[in-house]
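Asker: test case, fold it:
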Amino acid sequence: LLKIELSQARVVFRMSSSKKTSVGIQIFARVKPTKSPYRGCVIETTDDGPRVNILIPREESSGFVNNKKENYKFKFRHIFPPDSTQDDIFDVVAVPVVDSVLDGYNGTIFAYGQTGSGKTFTITGGAERYTDRGIIPRVLTYLFEQFAKRSERLFEAKVSYLEIYNEGGYDLLDPNHEITKMEDLPRVELLDTGGGDVVLKNLSQNAVGSEEDALNALFIGDTNRMIAETPMNQASTRSHCIFTIHLTSRVQGAAVMRRSKLHLVDLAGSERIHKTGAIGTLATEAKYINLSLHYLEQVIVALSDKSRSHVPYRNSMMTSVLRDSLGGNCMTTMIATLSQQKSNMDESISTCRFAQRVALITNTASLNEETDPSVVISRLKAEVARLKAELALATGGADRPTERLTPEELLQCKQLAQQFIASDNPEATITVGDIRKVDACFRFLKEMVLSGGRGSQQRSSTPQRTAPAPTPASVDPGEVASLKELLRQRDNEITILVSRLQKRRSLVIPQADLPSRPTSRSSTRHQEALEDAAALGLGSEANERQHVTLEEFRETYAGTETLRHNKQKLKLLYGEAKSLGAAVNQSRANINALKAEIQRSRLEAGITQLTDSSGVPVLDDVDHVLRQDLEVEKSRYKGQLGELKALKREIEHLQHLLEKGKAQMLRDYEDWKAGGSIESAASPAAMDDLGGGASELIHHERHDEHRATSAGNSEAHREAWASPEPTDDNDPDDDIAAFFRAREAMKRAS
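Answerer: Sure, this is the predicted structure:
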């Protein structure tokens, strides 16, 4: 049923794409969930549509004749029961309106009802759960998703947040709102332009480039709203708030652009003072709220009565701001929030009556298109330059200058000739205002042809844009910016590497304090022992005995191979990440270059080429090829970026394993020095901590190696290493060292 309602609503809001459309205001109803709902309020579904039936029996106990109406029936486009979710409200009510705003129409969504019936929850949402988000945050998310999908158009978004408190307008996004009293803030003033439009003075429009910026603006505005506790609502909004999104869209290079706006209105709830018992400030606020809602109802009544020629928009600030939304150029939707409690039936009936009057209003929505003055100015400037050049050529015979061209002018002529040859635009011209420069350009063209330059090359049958000559006038600013960004990234990488190298050098042990060791594999293991010693805090202050003890411990420690394996794997991952990062940077630079090329091509098309009936330039094959290349490059960039993120997670995980392994080695080393055994230090649990299940692999690889079964003092181990003289051959040295370790172990065992 929701899908059917959504499709029908979209059909209503898309009756016409370029002409004026007469659309009635769509009315919806939402019933607030209550613990004890009144049984006389029933939601029915008939052939004519859903409706609310409210039955209030007459009171005949007084003995007087009572002709009061008992049964009330109100029809709505759709009625949301108490168990409806925020997703249902957004899909049926908001999505069709937002789509029409993206297409260039104005839109308004407002909630009306008594205080505590759920208006603010519907429009703004709740703060406890993510699923309780209201229409405004969901609209912001949906808009930026559509911006990414509709890549053929360029969108710009601005937001404003107006609060009407006691008939005074205030900017909720004013940065001085938190440090200044409301009485001292500048008030928003209404200025009538004379053509029916209203300009709001002192109301800021903040540009938002991302969903995060827009949500931050919404959060700041909601924080500054006037909220108070009343007998009917613990957090009652005491003012009317209008969150407006201003959109500007255009096809790249086109002179026609669309401007639209979306009003999201959270009205303060009507309340009866004799029922709520409000006094003081609350009573004053309730008086202004009821007065503004009364003026709103007067406007609704005047609009629904076709015989009335005057509509009292100027009675209140709210009706003046919503002038377009009520009977003007806008597609409007209303949500009536109802309460099923028996004590609130009178207010619910009043809300339904108001909704029925609103449904009688018809708006005339039109597509808001206008010509971009910057593109028109560019075209006119190009035409003026061309006409001046033609005039100079036509009158150059009598007043032809005789002095020679300066070197700067000759260089300019050469650059113009090179750009003319490099351009693929068949309508490209050389615009100069002097016959001497025309002659100079022809001479440069002749030289290029005779010297076998760019002009003598045959163009390929495939449309491909030739890069302009590398002269200062033809340098692409986008490419320069991308190269500067790449250079900055490389400088940062070099700085990080230099700092790491300096830190590593500060931890290296002087070679003069180290014992003589064999080269190749043995020296590699010794160097790893020194690195682990630095990592474990031994550093340059540790003596030779500590290093020999640590190296002997490493040779017999079961987690050494796991650490070495993780280090090697981490180095490989660093290399992959570096190459992949370079590829991502290159893809980003290519994308920026292609965007700049497309923009330049379309700007030329907007100035020189023909346009269709809607003002859109007729694009050539070159532009089509560039767009295809851009899509391919974007796809490659997204894939490479995803791989880089996955690689980053793997590197971080591996770094965590290394840090954990080194910490475990330090604890086992301290236990071993205290007199424990290496086998107990390299327990299966410790091996699992080091490598995540790599103990079986290490045991398999080192099955044939001789390990020491116990550990003595460090002097005995040092003598076992220092007794034989190294032969400078890897295998004999390793065998001799293993023999001496085994012999020393047997002595201690006996």
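
Asker: now do the buried residues in stretch 643-655.
Answerer: Buried residues in stretch 643-655, defined by neighbour count with 16 or more other C-beta atoms under 10 Å: Leu644, Leu647, Ile651, Leu654. Using the backbone N, CA and C atoms, a C-beta is placed for each residue, glycine as well.

Asker: mind checking which of the residues you listed land in helices?
Answerer: Here DSSP state H is the test, and those give Leu644, Leu647, Ile651, Leu654 as lying in helices.

Asker: nearest spatial neighbour of the last one, chain-adjacent residues omitted?
Answerer: The spatially closest residue to Leu654, leaving aside those adjacent along the chain, is Leu570, at 5.1 Å (C-beta to C-beta, 6 or more residues apart in numbering).

Asker: state the helix or strand in which that neighbour lies.
Answerer: Assessed by DSSP states H and E, Leu570 sits inside helix 560-608.

Asker: name the helices or strands packed onto that helix?
Answerer: Judged by 3 or more C-beta pairs under 8 Å, 6 or more residues apart in numbering; DSSP states H and E, the packing partners of helix 560-608 are helix 373-394, helix 477-507, helix 621-673, helix 684-691, helix 695-701.

Asker: ok, which of the ones you listed comes nearest Ile430?
Answerer: Ile430 lies closest to helix 373-394 among these, at 8.9 Å (C-beta to C-beta).

Asker: tell me the helix or strand right after the closest one.
Answerer: Beyond helix 373-394 on the C-terminal side, the first helix or strand identified by DSSP H and E is helix 407-422.

Asker: now that next one: average pLDDT?
Answerer: What helix 407-422 shows for mean pLDDT is 86.

Asker: for the next helix or strand after it, the averaged confidence score.
Answerer: Using DSSP H and E, the helix or strand that follows helix 407-422 in sequence is helix 435-450. Averaging pLDDT along helix 435-450 yields 83.

Asker: cool, and stretch 600-619?
Answerer: For stretch 600-619, mean pLDDT is 58.

Asker: and the two most separated of the buried residues of stretch 643-655?
Answerer: It's Leu644 and Leu654 that sit farthest apart of those, by C-beta to C-beta, at 15.4 Å.

Asker: tell me the angle of the helix holding Leu570 relative to helix 373-394?
Answerer: Between helix 560-608 and helix 373-394, the angle comes out at 60 degrees (axes from the mean of the first three to the mean of the last three C-alpha atoms, to 10 degrees).

Asker: what angle sits between helix 560-608 and helix 477-507?
Answerer: Helix 560-608 and helix 477-507 are oriented at 160 degrees to each other (the same axes, to 10 degrees).

Asker: number the chain from 46, please
Answerer: Fine by me, first position is 46 from now on; the one you just mentioned is helix 605-653.

Asker: let me know the angle separating helix 605-653 from helix 666-718.
Answerer: 160 degrees.

Asker: sorry, back to before: Gln644 is nearest to which of the helices and strands packed on helix 605-653?
Answerer: Closest to Gln644 of these, according to C-beta to C-beta: helix 522-552, at 8.6 Å.

Asker: which parts of that closest one are buried?
Answerer: For helix 522-552, a neighbour-count test (16+ other C-beta under 10 Å) marks Gly523, Ser527 as buried.

Asker: that helix packs against which elements?
Answerer: The contact analysis (3+ C-beta pairs under 8 Å, 6+ apart) places helix 522-552 against helix 565-580, helix 605-653.

Asker: go again with 7 Å.
Answerer: Applying 3 or more C-beta pairs under 7 Å, 6 or more residues apart in numbering; DSSP states H and E, we find helix 522-552 packed against helix 605-653.

Asker: in this structure, which helix or strand is least confident?
Answerer: Of all helical and strand segments in the chain, the minimum by mean pLDDT, DSSP states H and E falls on helix 740-746, at a mean of 38.
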